[in-house]
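In: Kindly return the folded structure for what I paste below:
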Amino acid sequence: MLRGVARDLRRLSSSAGLTSFFKGVFPIMATPFKADESLDIDGFKKSIAFMAAAGAQGVTITGVLGESNRMIDREREELIAAAVEKAAACTPPDGARFRVCVGTSHTGTAATVALSQVAQRLGADAVMVTPAKEPTPATDEALVALYARVADGCPGLPIVLQDHPASTQVHMSVPLLARIVQQVPTVTCIKLESLPTPARIAALRALWAKDPPPAECTILTGLGALYGGFDMEQGTDGFMTGFAFPEILQAMNARAQAGDMAGAHALYARYLPLMVFEQQPGVAVRKELYRLRGLLGSGHVRHPGGNLSPALKTALAQQLARSLPGVDVTKPLP
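Out: Sure, this is the predicted structure:
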């Protein structure tokens, strides 16, 4: 049955000439909570509008940074509906449609399919799916089936394959990534976060050069852009990560796409200390940066997540002043 589904999807994608819109910068959005831990929908919408004004091509919501594991289904649906509504009203500087990708990963395949169907019904442009850890490692066939079943349950909906073994303990080989893209053509993007990322990107590009995918599939850098400079050298198409300054990532990617790797690396080196500071475990640092950018009234992390200590808040403010001296960070960077 799986082979039949994949064959049908391949035929449909080839006839439709599917291309990937996952090029550029897609911030992973933090979910704002008020002090009483209720959703701050106004802050969420404000954050989305800001990312569009800052030049991002879209956003990804309800991912790990979005504390999706601390929300109930009703809250997830409220966030998706709010994001889709706000994105429709946004006009990025490039004039393109602003996209919404929804994280729908779950420990069960049926639940992942159901969550993806909800996202599609509510108007999401794509879903992001990452495998879950099993007591015994899942076979390659089971991992292919995960994506095939999501594709079968959500016809025509683009899928982002998130490869992040640090959080999932699921290690997918490069040939397996290529196989999934071959057999499930609605997988139109890989968020490649498995180390060493430059080597794995190069290996995947080499496989695709020999056996091109049936539909366009792009590669986006994650991991807070920590290895972004080295990933760009291997031919990435942009970023999908929670770094709170998408303007910087946009500028890096624009230079890389234009062949100006020296310029891309100069930006990377300039802002790397801020990226490193922001990449500390948890989501509190990024939520505090959102607050400092004027997007959130509170950087509160839902219990049992930890919030920032006064000392860490001071250290973050000092690093921000070093990285962006005299800059009003409440406005998109020029």
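In: By mean pLDDT, flag the weakest helix or strand of the chain.
Out: Ranking every helix and strand in the chain by mean pLDDT, DSSP states H and E puts helix 2-16 at the bottom, with a mean of 39.
In: Not counting its own residues, what contacts the helix or strand following it?
Out: Per DSSP states H and E, the first helix or strand lying C-terminal to helix 2-16 is strand 24-25. By Cβ atoms under 8 Å, 6 or more residues apart in numbering, the residues outside strand 24-25 that reach it are G55, A56, Q57, G58, D237, G238, F239, M240, P246, L249, Q250, N253. Using the backbone N, CA and C atoms, a C-beta is placed for each residue, glycine as well.
In: which of these has the most neighbours?
Out: M240 (32 neighbours; other Cβ atoms under 10 Å).
In: Show me where the stretch 101-250 of the chain has its helices.
Out: 109-121, 140-153, 165-168, 174-183, 197-210, 228-233, 246-257 (DSSP state H, counting those that start in this stretch).
In: Pipe those into JSON lines and attach mean pLDDT and distance to F22 per row.
Out: Below are these laid out as JSON lines (pLDDT from 0 to 100; distance: least, Cβ to Cβ, whole Å):
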{"stretch": "helix 109-121", "mean pLDDT": "98", "distance to F22": "16"}
{"stretch": "helix 140-153", "mean pLDDT": "98", "distance to F22": "15"}
{"stretch": "helix 165-168", "mean pLDDT": "91", "distance to F22": "20"}
{"stretch": "helix 174-183", "mean pLDDT": "98", "distance to F22": "13"}
{"stretch": "helix 197-210", "mean pLDDT": "98", "distance to F22": "15"}
{"stretch": "helix 228-233", "mean pLDDT": "98", "distance to F22": "15"}
{"stretch": "helix 246-257", "mean pLDDT": "98", "distance to F22": "12"}
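In: out of those, nearest to C101?
Out: Closest of the helices of the stretch 101-250 of the chain to C101 is helix 109-121, at 8.7 Å (criterion: Cβ to Cβ).
In: Taking helix 140-153 as reference, get the angle to that closest one.
Out: 30 degrees (axes from the mean of the first three to the mean of the last three Cα atoms, to 10 degrees).
In: List the buried residues of helix 109-121.
Out: Burial within helix 109-121, assessed by neighbour count using 16 or more other Cβ atoms under 10 Å, is assigned to T109, T112, V113, L115, S116, Q117, V118, A119, Q120.
In: residues contacting the residue nearest to the spatial centre of the chain?
Out: Geometric centre of the chain, nearest residue: M240, 3.8 Å, by Cα atoms, centre = their mean. The neighbourhood of M240, defined by Cβ under 8 Å, 6+ apart, consists of 22, 25-28, 60, 101, 160, 189, 191, 220-222.
In: Repeat that for L333.
Out: A54, F245, E247, I248, L324, V327.
In: Then A202?
Out: Listed by Cβ under 8 Å, 6+ apart, the contact set of A202 reads Q234.
In: who's in contact with the closest residue to F22 other than its chain neighbours?
Out: If the residues on either side of it in the chain are set aside, F22 comes closest to C189, at 3.7 Å by Cβ to Cβ, 6 or more residues apart in numbering. Residues in contact with C189, defined by Cβ under 8 Å, 6+ apart, are S20, F22, A126, P158, I159, V160, L161, C217, T218, I219, L220, M240.
In: Look up phi and psi at the fourth one.
Out: Backbone torsions of P158, given as degrees, to the nearest 10, read phi -60, psi 140.
In: was I right about it contacting F26?
Out: No. Between P158 and F26 there is no contact under Cβ atoms under 8 Å: 11.9 Å.
In: Looking at the two, which one has more neighbours?
Out: Legend: neighbour count by other Cβ under 10 Å for P158 and F26, higher for F26 (30 against 25).
In: Can you report phi and psi for the more buried one?
Out: Here is the backbone geometry of F26 (degrees, to the nearest 10): phi -130, psi 90.
In: Distance of it relative to G228?
Out: 14 Å (Cβ to Cβ, to the nearest Å).
In: Overlap of the contact sets of those two?
Out: Residues within reach of F26 and of G228 at once, by Cβ under 8 Å, 6+ apart, are F239.
In: how about the strands of the chain, start to end?
Out: Applying DSSP state E to the chain gives strands spanning 24-25, 58-61, 99-103, 126-129, 159-163, 187-192, 218-221, 238-239.
In: From the contact counts, what lies against the helix of greatest length in the chain?
Out: The single longest helix within the chain, with elements called by DSSP state H, is helix 261-278. Helix 261-278 makes packing contacts with helix 228-233, helix 246-257, helix 284-292, helix 310-323 when contacts are defined by 3 or more Cβ pairs under 8 Å, 6 or more residues apart in numbering; DSSP states H and E.
In: Next, the angle helix 246-257 makes with that helix.
Out: Per the same axes, to 10 degrees, the angle that helix 261-278 makes with helix 246-257 is 150 degrees.
In: and the angle for helix 261-278 with helix 310-323?
Out: Angle, helix 261-278 to helix 310-323, by the same axes, to 10 degrees: 160 degrees.
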